[in-house]
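**Student:** mind looking at a prediction? Sequence and model below.
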Amino acid sequence: MHRKCIYINKDNEEIHIEAVYEDSMPNGSNVGTVIGFHGAPGSNRDFKYIRETLDILEIRFIGINYPGFGITKSYENQKFTNEERQLFTNSLLDSLSIKGKIVFVAHSRGCENALISVIEKQENMNILGLVLIAPTGLRPHQAIRSKFGLVVLDTISNYLPTFARDALLIKTFEAFGLRVASGEIAHASLKTSMTLDLENLLPHIQKFNEISTKLVVFYGGKDQIIEKEIVTEYLSNFKDHATFNFDDDILDEHFQEITTAISEHKTLSVLVDQDGHYQNKSRANIIARSIQLIFK
């Protein structure tokens, strides 16, 4: 792990943070750099299996760790909004001064921030591609559909003793098949899930359609968090879009078709009907190979 002291300007106040991040090749790569945006819960370890293939391909990987998720510490009065996450992201990326070709890869909640970051950083970073895994869409998915329920859960947890709050939130996330390492991470994940921008992302998608950066999306038909219909609706807003739908296995001949589509189309998506929420693990090899194709 690497550490860098950065500051974000929030509410006209400088907040100094020791940002903890992963950097597989601090001296850079002749191929390019991948920057990972994790979900909620999540960390740089969300991309562990993707990174293993990237290492073989001699592609640099930098994994962001957002404050409050167990690695980079939270700060006083943190609200876990997209605005805060973007201030943190931009400050860290600016401090790293990454040269050469770049691809952003994101999982779940991190997909919003990765998309926003492409638009905000395109002028001073050579971002060739955006790879999204299980993106959150433009309307509430099943895990956050009851906004009232989330508010009630958040309110109740604020009045409970810490040990009781932690137990309640951990059990809630486990009910959706999400494992969290601590009550602190569960609390940060709840807050971050409540601040999704959803339909407010449309202007960013429209701006994305006007730039040359490519988009590749992977999602599963049996995702326990985000329904495939929500992702499909989300993807309909992107221009020049190619779609692939597989039942389970993606064979080599299928990947050759994906290879051709990456070269011929601006955006494409891969739906695997039998996959769940964690294709960052189950499809790590093909995701890493898709990233390599974008660099080429």
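**Tutor:** Yep, it's here.
**Student:** in the helix or strand hosting I258, which residues are buried?
**Tutor:** Assigned by DSSP states H and E, I258 belongs to helix 252-264. By 16 or more other CB atoms under 10 Å, the buried positions in helix 252-264 come out as F255, I258, A261, I262. Backbone N, C-alpha and C define where each C-beta goes, glycine included.
**Student:** quick check: closest non-adjacent residue to the last one.
**Tutor:** For I262, ignoring the flanking residues on the chain, the nearest one in space by CB to CB, 6 or more residues apart in numbering is L293 at 5.0 Å.
**Student:** need the contact list for that neighbour.
**Tutor:** For L293, the contacting residues are T259, I262, S263, by CB atoms under 8 Å, 6 or more residues apart in numbering.
**Student:** what about L93, how many residues nearby?
**Tutor:** Using other CB atoms under 10 Å, L93 is surrounded by 20 other residues.
**Student:** looks like it contacts K121 (just checking).
**Tutor:** Yes. Here L93 lies in contact with K121, judged by CB atoms under 8 Å, at a distance of 6.3 Å.
**Student:** give me the distance between I258 and T195.
**Tutor:** Note on I258: its distance to T195, by CB to CB, to the nearest Å, is 34 Å.
**Student:** which helix or strand contains the residue nearest to I262?
**Tutor:** Counting by DSSP H and E, the element that carries L293 is helix 284-295.
**Student:** so what does L93 have for phi and psi?
**Tutor:** Its backbone dihedrals place L93 at phi -60, psi -40, with angles given as degrees, to the nearest 10.
**Student:** coming back round to it: state the pLDDT value of the residue nearest to I262.
**Tutor:** pLDDT, L293: 94.
**Student:** give me the secondary structure label for G36.
**Tutor:** At G36 the chain is in strand, as set by DSSP: H, G, I helix; E, B strand; the rest coil.
**Student:** what's near enough to touch it?
**Tutor:** Shown in contact with G36 (CB under 8 Å, 6+ apart): 22, 44, 46-47, 50, 61-64, 105-107, 110.
**Student:** what are the bridge partners for it, then?
**Tutor:** Partner residues in beta bridges with G36, using DSSP bridges, are G63, V105.
**Student:** how about the CA coordinates for the longest strand out of those in the chain, as CSV?
**Tutor:** Secondary structure of the chain read by DSSP state E shows that its longest strand is strand 13-23. Written as CSV, here are the backbone C-alpha positions of strand 13-23 (Å, rounded to 0.1, in the frame of the first residue of the first chain):
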residue,chain,number,x,y,z
GLU,A,13,-12.5,24.2,4.4
GLU,A,14,-9.3,22.3,3.6
ILE,A,15,-9.6,18.7,4.9
HIS,A,16,-6.2,17.0,5.0
ILE,A,17,-6.4,13.2,4.4
GLU,A,18,-3.8,10.5,4.3
ALA,A,19,-5.1,8.7,1.2
VAL,A,20,-4.1,5.0,1.1
TYR,A,21,-4.1,3.4,-2.3
GLU,A,22,-2.7,0.4,-4.2
ASP,A,23,-0.1,1.0,-6.9
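**Student:** off-centre distance for it?
**Tutor:** Computed by CA atoms, centre = their mean, to the nearest Å, the chain-centroid distance of strand 13-23 equals 18 Å.
**Student:** list the buried residues for it?
**Tutor:** For strand 13-23, the neighbour count (16+ other CB under 10 Å) marks I15, I17, A19, V20, Y21, E22, D23 as buried.
**Student:** which residues of the stretch 1-150 of the chain score low on pLDDT?
**Tutor:** Flagging of the stretch 1-150 of the chain using pLDDT under 70 yields the residue ranges 145-149.
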